[in-house]
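Student: sharing a model prediction with you, sequence too.
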Amino acid sequence: MTGTLLLTRLALRRDRVLVAIWLLLLVGVCYASAEATTSLYPSLAERVRAAEAINSSPSIVALYGPVVDVTSIGELAMTKLTVLYAVFVAVFMVVVIRRHTRTDEESGLTELVGGTAVRSTAPLAAAVLLGCGLSLVLGALAGLADLAGGLPLEGSLAFGASWAGVGLVSVGLTAIACQLSASSRTCAAFSAGAIAVLYAFRAVGDTSTGPLHALRWASPFGWSTQLRAWSEPRWWVLALYALTAVGLITSAALVRGRRDLGSGLVAERTGPAQASPRLRSVLAVTVRGHRASLLIWTVAVAALSVFFGTVAPDISDMLDSSSAREMIERLGGVGVIQETLLAAELSVSAVVLTCFGISVIAQAGEDERSGRTDELMAAEGSRGAIIGSHLVVALAGSLWLLVVTGVCMGVGFGAEEGTLTSSVRSLVAAALGQAPAVCLVVLLTAVAWSWRCTWHHVGWVFLAAFVTVGQLGELLRLPDWVVNLSPYSHAPAMPVEPFDPAAATALLALGVVALTAAVARFRVRDLG
Amino acid sequence: MSSGMDPVVEVAGLVKRFGRLRALDDLDLVVTRGQVHGFLGPNGAGKSTTIRALLGLIRVNAGSATVFGLDPWRDAVAIHRRLAYVPGDVALWPNLTGGEIIDLFIRLRGADPQRSRRAELIDRFELDPTTKGRAYSKGNRQKVALVAAFATDPELLVLDEPTAGLDPLMEQEFNDCVAEHVRRGATVLLSSHILSEVERLVDHVTIVRAGHVVESGALADLRHLRRNRVRATVKEAVPSLTTMAGVFDVQTDGDDLSFTVEPDALTPVLAALTGAGVRDLTITPPTLEDLFLDAYRQPHDDRP
């Protein structure tokens, strides 16, 4: 244990902002969903119809898992959270564990610490301890948030425990993944891949009959449904998470004890000895840095968008059973409900896609702090080329992903409804309707970074703030002017609402102001 | 070549503040064409800050700086095409190989990697160009930057503690490369706090401390101004030695004497030694180490 507790405290000290934001968002979603569902489905009959609609659609069951007890308000409220949002819990742990193991090892921090009087496994132990602690805290807070949102006590606690369990398993998975490769990025890819496979196991298990049905027990995400949090919980399922986590963590410790510092089990691949003729500008090297990431984003966004487009008719059947139906029909007639859903999905996509742009700017800050930007400047000399390359990749990448979203959602929806061309056309336009808001948030991130190099992560704070006031603002009953602070609040809910030229112009004008400020500031400030 | 008629780098009265810290405090530096100029000082003396100002990476608060007669801030692109820079701590792109990074830097400076000395230098520095940036050790990262810098014919080489992390064989290779570039007429600004590595290469030095120049000039002139160390074994005591003008640090151990002496005082000192009957005598010129320590000691110097 030598040094472990000290390192755990150090890790927590370094992570206090990151951890606070994650906890706030995840717990906030729990509370908002619990609160909203209790008021949206006041009667038992409506709940049952909504739950049965979910269970009758294989694609929704694949995404959310089945509703075990159709009469339970808690299970309905936590439909998305039990399995789908548990993925975010798992990702949270990937972020925390990787940060304090492989990332520190790659940067040489672990070597510095290793030179002091701590055991070689202490950094891993400290990260695991922090991850497990955070999982348990998150589980407890999630349970309390459900309780505060009006859900029953026992179910709330069991639900919280399922999140904690997923967190613990993810801690173990990441601990092993971070032993495999010397590259922090590759370790993240291993972790993400493992989470995706486990999620897929559950999706296949939940939707198929026959022998494959057992696959739902092969995944911690499946256990979260099988725990039956809201009707006579099977508490013994919690032991599955715990035992799996202990097994994974022990294996990771064994591997760590047997390998050298800075090495991985998978050998580092070599690459070409000469650069391709295209690698000849600052822009080319920036594009190269984000190429793999943009490819992964594109595939993921395309797959999810086709999926959302395809299930939109199914989900609207589900909403159709609720009290929302009369209201929506009074507003716009039959069929509009599907478009409302697509518009809602697009507004969420816009927020998610902004993450790509923000990550590009955050990387620009990392490049600068590491000294790579100095080297480029000393070779090429143009500040405009430096900031321009990051802005081009961030903005063009975000726009590209919006177009992919629109096309794929249109294909999914249109193929289902037999209106391929018109659906693609209207959904691409709808997706691009979000572009001014997305670009503005990316440009505000660029302003923060160009103001001060160390502010390159401020974009995440902007995004968290805008999501809180904009997307959750109505649920949290914030005043209008606060909700309107978010650029996303001004993007039209196309294809339901028409394009709003005034709002788009205003957002773009603010974007141009932000762009000018960012470039002007970057031209005069010290690098590094 | 030595008269300062053709300055490549000219810095006068440079001031750079970081908050309340004066990183550069009225710093002057002139490097003329063809010089190998050692820029010496301890960590935190302002060497890298000066270099970063010369590269236009930071803006100074006062004073003037020119490179090739141009403004490093406004004319960065024009200046950087004519120079090559190697930082003390080379950061590489984790997903690019060393070979790709070398090609990128050569191209960014407007040259063609195929017509450069790239292949020869990769060989000489025993670098594996297929390794990804993240997998290189510190010494190998340094080699990547050195190969990129030496592969073309820049007019000015700006090297910021470039041999940190290199083994002695590679350091020799580095010295040879610098010498080759100097022969073809390149100017070199070489910062370091390791004196021995610079001493064999440089012809001029500027010594900085706390952002201010404490000593600057041709290595030969600086030596000339400084005290020689005398070690002698004499038959009788030399009573007048400690009171003689220009004699310092006198230590006696039986018949053995050791002291430093200013060049002007050398004649009377030698006469006094001869009078005492010299059996053994060595006079060594000051090493750069002595110059360096001397320059640093000045503020606290309680000696005459």
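Tutor: Here it is on my side, so go on.

Student: look up how far residue A:295 lies from the nearest residue to residue B:161 once chain neighbours are set aside.
Tutor: Nearest non-adjacent residue to residue B:161, counting by CB to CB, 6 or more residues apart in numbering or on different chains: residue B:88, 3.8 Å away. Every C-beta, even on glycine, is put in place using the N, C-alpha and C of the backbone. To residue A:295, residue B:88 is 35 Å away according to CB to CB, to the nearest Å.

Student: looking only at neighbour counts, state which of these two leads.
Tutor: With neighbours defined as other CB atoms under 10 Å in any protein chain shown, residue B:88 and residue A:295 compare such that residue B:88 has more, 20 against 10.

Student: element containing the more buried one, please.
Tutor: Using DSSP states H and E, residue B:88 falls within no helix or strand.

Student: kindly report the same for the one 5 residues further on.
Tutor: Assigned by DSSP H and E, residue B:93 belongs to neither a helix nor a strand.

Student: and it, how many neighbours?
Tutor: With other CB under 10 Å as criterion, residue B:93 counts 21.

Student: and it, what's its pLDDT?
Tutor: Looking at residue B:93, its pLDDT reads 93.

Student: excluding chain neighbours, give the residue nearest to it in space.
Tutor: residue B:133 is the one closest to residue B:93 (CB to CB, 6+ apart), at 5.0 Å.

Student: for residue A:519, same thing?
Tutor: Closest to residue A:519 by CB to CB, 6+ apart is residue A:387, at 5.9 Å.

Student: that neighbour reaches residue A:521, doesn't it?
Tutor: No. Taking CB atoms under 8 Å as the definition, residue A:387 is not a contact partner of residue A:521, at 9.3 Å.

Student: next one: the most centrally placed residue in chain A from chain B, what distance?
Tutor: Centroid check for chain A by CA atoms, centre = their mean gives residue A:88 as the closest residue, at 5.9 Å. Separation of residue A:88 from chain B (CB to the nearest CB, to the nearest Å) stands at 26 Å.

Student: please apply the same query to residue A:358.
Tutor: 20 Å.

Student: that residue: neighbour count?
Tutor: For residue A:358, using other CB under 10 Å, the count is 25.

Student: again with residue A:285
Tutor: 22.

Student: tell me which element it falls in.
Tutor: Counting by DSSP H and E, residue A:285 is found in helix A:282-320.

Student: how far away from the center of its chain is that helix?
Tutor: Remark: helix A:282-320 is offset 12 Å from the chain centroid, using CA atoms, centre = their mean, to the nearest Å.

Student: next: stretch A:199-216.
Tutor: Worked out by CA atoms, centre = their mean, stretch A:199-216 lies 24 Å from the chain centre.

Student: so where's the chain uncertain?
Tutor: Unless you meant another one, I'm taking chain A. Applying pLDDT under 70 to chain A picks out residues A:1-2, A:314-336, A:471-472, A:474-476.

Student: ah, no, chain B please
Tutor: B:1-5, B:196-197, B:223-226, B:239, B:287-304.

Student: most remote residue from the middle of it, which is it?
Tutor: Outermost residue of chain B (CA atoms, centre = their mean): residue B:236, 43.4 Å.

Student: residue contacts, the closest residue to it other than its chain neighbours?
Tutor: Once flanking residues are discounted, residue B:236 sits nearest to residue B:276: 4.7 Å by CB to CB, 6+ apart. For residue B:276, the contact set (CB atoms under 8 Å, 6 or more residues apart in numbering or on different chains) comprises B:234-238.

Student: which elements pack onto the helix or strand where residue A:134 lies?
Tutor: Using DSSP H and E, residue A:134 maps to helix A:122-148. When contacts are defined as 3 or more CB pairs under 8 Å, 6 or more residues apart in numbering or on different chains; DSSP states H and E, helix A:122-148 packs onto helix A:4-40, helix A:86-98, helix A:109-114, helix A:153-180, helix A:237-258.
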